[in-house]
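[1] Dropping the sequence and predicted coords here.
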Amino acid sequence: MFVTSAYAQTAPAAPETPAAPGAAPAGDPHAAPAGEVHTETGVAHGGEHGGGTFPPFDATYFPSQILWLVITFGLFYLLMKKVIVPRVGGILEHRHDRIAQDLDEASRLKSEADAAVETYEKELAAARSKAHTIAETAREAAKGKAAIDRAAIETELAQKLSVAETRIGEIKTQAFAQVGQIAEETASAIVDQLIGAKASGDDIKAAVAAAKTEA
Amino acid sequence: MANDPIHQFQISKIVPIEIGGIDFSFTNASLFMVATVACAAGFLYFSTSQRGLIPGRAQSVAEMSYEFIAGMLREGAGSHGMKFFPLVFSLFMFVLTANLLGMFPYFFTVTSQIIVTFALALLVIGTVIVYGFYKHGLHFLQLFVPSGIPGLLIPLVVAIEVISFLSRPISLSVRLFANMLAGHITLKVFAGFVASLGTMGALGIGGAVLPLIMTVALTGLEFLVAFLQAYVFAVLTCMYLNDAVHPGGH
């Protein structure tokens, strides 16, 4: 605060101070026009307000500032409106579209992949069930064939068994039938040996039959 | 004179032009207006000329400023306000570039001239008034009559609203102007301390360290202020444009 007021004090003195370096031989030509302008504005203000010169409030250059601001800012605005804003907007929109398009493409590919996986799994399941069916049929067929074979073998065996049994029966009956005859012959021979006389056939037959029934 | 903190705001003629007795000279202020426009436009033009799908560093900055202002305007004035995008974007870029260019030593700060900031503020308010009446006719005056006010208070409230509306260009322009002016004066004063203490021998040089640190810190602060004031100018422009787009409600 102290400093600013000190500098503010030098400001009103400005109209006087340039006079000294201007008069001094040390003043280079470069400084001269600057000092001149300073003096000019300082005097103008001193006359109008009787106060210090403060360049931003110096109305001398207001028209010039406004004119050049209108020219430069107007050109800048036109350039922004006609070139830069559409261009940057276009770049951003294009990128936006591109990203959206890529996302769409990605989701499309993903759904395709999903569909492929689904088809694959469906086919896999179908193949699995088909394999299962084939195995089942094979097993069933094998089982059936085995049963048929067994049945065939069993019937064959049963047939053979019954044939064998029949033959055994036949042989047995035949044997039994021959047993009487043998016994009669044996008995007649024994009787012959024992008593030296022939026993009648009928008696022996009866005796054998009696023995047979007893046994 | 080298230490005069006011000297940096002095306008000097480069090409004297006088039309009809009025001084329209091409001054150092005009030169830096041209420089501001050239820098801002050149940067935006060349950084986006590739139209890269994947932006480079410069294109990113251009796109970021575009989206920054677009978001600000959409938030402040709704999607109907987007027709003012070129205006708000131009104002922001112009003020920001002018502020930042002013940070170079020996450069003239365009926005430290009240007439420049006032002209820009008038452009904003003029746009609000013209568009408001063009779009809404006399309904635009609803802006000054907030709904839900008891009848007795209406004249008072209307008076307050009118005054607040009229003070907008002043506050808008003075805020930017005063910030830039005060910042540059402070910087110059502290830098001046360094120079004048430096001539006072060993003790002075030791003492000059403090204002030097202060100058460095202030320079950082001034860069922040340069951006912040451009941002504030753009935000307030968006808010005022919202009144032109939606004068009735908010």
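    Noted; the coordinates are in hand.
[2] The helix or strand of chain B with the lowest mean pLDDT close to chain A?
    Counting by mean pLDDT, DSSP states H and E, chain B has its least confident helix or strand at helix B:201-207, which shows a mean of 82. No - Helix B:201-207 lies out of reach of chain A by Cβ under 8 Å from any Cβ of the partner chain, never closer than 14.4 Å. (Each C-beta comes from the backbone N, C-alpha and C, glycine too.)
[3] Next, the buried residues of that helix.
    Neighbour-count burial for helix B:201-207, counted by 16 or more other Cβ atoms under 10 Å in any protein chain shown, picks out B:Gly207.
[4] Pull out the buried residues from the next helix-or-strand element following that helix.
    Moving toward the C-terminus from helix B:201-207, the next helix or strand (DSSP states H and E) is helix B:209-245. Across helix B:209-245, burial judged by 16+ other Cβ under 10 Å covers B:211-212, B:214-215, B:218, B:222, B:225-226, B:229-238, B:240-245.
[5] quick one: the residue nearest the centre of chain B from B:His184, how far?
    Centroid-nearest residue in chain B, with Cα atoms, centre = their mean: B:Val95, separated by 4.2 Å. Going from B:Val95 to B:His184 by Cβ to Cβ, to the nearest Å gives 15 Å.
[6] Report the distance from stretch B:117-137 to the chain centre.
    17 Å (Cα atoms, centre = their mean, to the nearest Å).
[7] whoops, I mixed them up, stretch A:127-146
    Using Cα atoms, centre = their mean, the offset of stretch A:127-146 from its chain centre is 34 Å.
[8] Other residues contacting that stretch?
    Residues from elsewhere that reach stretch A:127-146 (Cβ atoms under 8 Å, 6 or more residues apart in numbering or on different chains): none.
[9] how long is stretch B:23-33 from one end to the other?
    Using Cα to Cα, to the nearest Å, one end of stretch B:23-33 lies 17 Å from the other.
[10] quick one: it to chain centroid distance?
    On the basis of Cα atoms, centre = their mean, stretch B:23-33 sits 18 Å off its chain's mean C-alpha point.
[11] quick one: average confidence on the host helix or strand of A:Ile153?
    Assessed by DSSP H and E, A:Ile153 sits inside helix A:85-195. Per-residue pLDDT values over helix A:85-195 give a mean of 91.
[12] following that helix, which helix or strand comes up?
    Assigned by DSSP H and E, the successor of helix A:85-195 is helix A:201-214.
[13] returning to what we had before: which SS class is the residue nearest to the centre of chain B?
    helix (DSSP: H, G, I helix; E, B strand; the rest coil).
[14] That one contacts B:Val232, doesn't it?
    No - using Cβ atoms under 8 Å, B:Val95 makes no contact with B:Val232, being 9.5 Å away.
[15] Next, show the common contact partners of the two.
    Contact criterion Cβ under 8 Å, 6+ apart; residues shared by B:Val95 and B:Val232: B:Leu176.
[16] returning to that earlier point: could you give the angle of the helix holding A:Ile153 to helix A:201-214?
    Relative orientation of helix A:85-195 and helix A:201-214, computed by axes from the mean of the first three to the mean of the last three Cα atoms, to 10 degrees: 140 degrees.
[17] Against the centre of chain B, work out the most remote residue.
    Farthest-from-centroid check, chain B (Cα atoms, centre = their mean): B:Ala202, 42.5 Å.
[18] Distance-wise, check that residue relative to chain A.
    23 Å (Cβ to the nearest Cβ, to the nearest Å).
[19] what's the answer for B:Ile14, then?
    Taken as Cβ to the nearest Cβ, the span from B:Ile14 to chain A is 11 Å.
[20] what residues are up against the nearest residue to that residue once chain neighbours are set aside?
    Leaving aside its chain neighbours, B:Ile14 sits nearest to B:Phe26 (5.1 Å; criterion: Cβ to Cβ, 6 or more residues apart in numbering or on different chains). Neighbouring residues of B:Phe26 by Cβ under 8 Å, 6+ apart: A:64, A:68, B:13-17.
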